[in-house]
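Novice: I would like to see how this sequence folds:
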Amino acid sequence: MSAQPSGDPVPRPAGAFCWVDLKTRDPKAAAAFFESALGWTVEIDQGSWRRATVIRVGEHHIGGLSDVTAAVYPPGTPPHIACYLAVDDVDARIAAAVEAGARLLVAPFDAGDDGRIATLIDPFGAAASLWQRQTPQRGWTHPRATRAAPRRLQHLSADPPAAAEFYRRFLGMSDPDTDFAGIAGRNTVPGWRLIVAVDSVTEVQRRAGGSPGGTGQMGPANDRGAVVDLTAPDGLTFAIES
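Specialist: Alright, predicted model coming up:
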């Protein structure tokens with residue numbers, strides 16, 4: 001996580017998603033793709049004790065960029081976009097989730113003085129990371145209408161109603177910018193899908209397709225309009241909508 005700009009930023013509350021981390025074997029290619037396709041700024045956080053690589057949209061930090069070949073990750077960790085849910089108590093939420101059928105992937109640990117993190121696989125097969133802030137300025141602060149920033153997260157599974165109840169009951173989710181959808185008939189696996197707001201789906205799709213290693217294809221329409229699924233280098237997948 002990273003410090004936010006000066007002023008009075010309001011981070012997402014417990015129960016809402018608050019951060020993403022692009023985990024890849026080729027950080028340089030991933031940075032070039034997202035800078036070209038979405039206009040993100042990828043930079044070293046000079047204020048972080050870890051000198052972590054962070055992603056910024058305008059003045060708002062939205063995520064990080066990590067190398068999964070680093071020693072901190074288990075060998076063979078696949079590239080993916082990790083989604084972080086803000087919670088009130090990581091340890092208590094993890095214990096309740098595991099009791100309800102989730103599988104612990106990364107036990108709770110302290111990330112310096114920034115906060116406490118853990119990762120689980122929910123009973124429906126999707127990975128989710130939990131984040132408990134120790135300082136008030138950590139996480140997303142961008143207005144929800146911000147273009148090129150995360151707009152919402154979508155959970156894909158074979159049982160959307162049960163998945164929604166699991167997150168509400170055991171992880172305290174109350175995020176209006178999340179929804180739960182089925183995967184029947186779709187060539188996909190359970191997981192959280194990052195959906196980014198853009199001005200022009202067509203233009204971003206064109207830029208993504210023109211970047212080395214990037215592809216774009218039309219996803220299923222929903223009540224918010226057409227959604228385009230994009231693939232960044234190293235297989236990182238996300239979606240855009242206007």
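
Novice: tell me the domain ranges of the protein?
Specialist: Segmentation of the chain into domains, based on automatic domain parsing, reads 17-133, 150-241.

Novice: Could you check how far the last one is from the centre of its chain?
Specialist: Just to be clear, that refers to domain 150-241. From the chain centre to the centre of domain 150-241 is a distance of 10 Å (CA atoms, centre = their mean, to the nearest Å).

Novice: And stretch 29-44, by the same measure?
Specialist: 15 Å.

Novice: among the domains of the chain, which gets the worst mean confidence?
Specialist: If you rank the domains of the chain by mean pLDDT, domain 150-241 sits at the bottom with a mean of 85.

Novice: First-to-last residue distance for it?
Specialist: Its first and final residues considered, domain 150-241 spans 10 Å by CA to CA, to the nearest Å.

Novice: Turn the domains of the chain into JSON lines, columns for mean neighbour count.
Specialist: C-betas here are computed from N, CA, C, even on glycine. Putting these into JSON lines (neighbours: other CB atoms under 10 Å) gives the following:
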{"stretch": "domain 17-133", "mean neighbour count": "18"}
{"stretch": "domain 150-241", "mean neighbour count": "17"}
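
Novice: Which one, of the ones you listed, ends up nearest to residue 143?
Specialist: Nearest to residue 143 among the domains of the chain is domain 17-133 (8.5 Å), distances taken as CB to CB.

Novice: Compute the first-to-last residue distance for the closest one.
Specialist: Taking CA to CA, domain 17-133 runs 12 Å from one end to the other.

Novice: Contact partners for residue 196?
Specialist: For residue 196, the contacting residues are 38, 148-151, 238-241, by CB atoms under 8 Å, 6 or more residues apart in numbering.

Novice: ugh, wrong one, residue 147
Specialist: Each residue near residue 147 by CB under 8 Å, 6+ apart is listed here: 197-199.

Novice: Look at residue 135 and say how many residues are nearby.
Specialist: Per other CB atoms under 10 Å, the neighbour tally for residue 135 reads 13.

Novice: Apart from its chain neighbours, what residue comes closest to it?
Specialist: residue 114 (6.5 Å; CB to CB, 6 or more residues apart in numbering).

Novice: how close does the one you found get to residue 150?
Specialist: 19 Å (CB to CB, to the nearest Å).

Novice: just to revisit the earlier point, in strands, which of the contacts of residue 196 appear?
Specialist: Taking DSSP state E as the definition of strands, the contacts of residue 196 contribute 150-151, 238-241.
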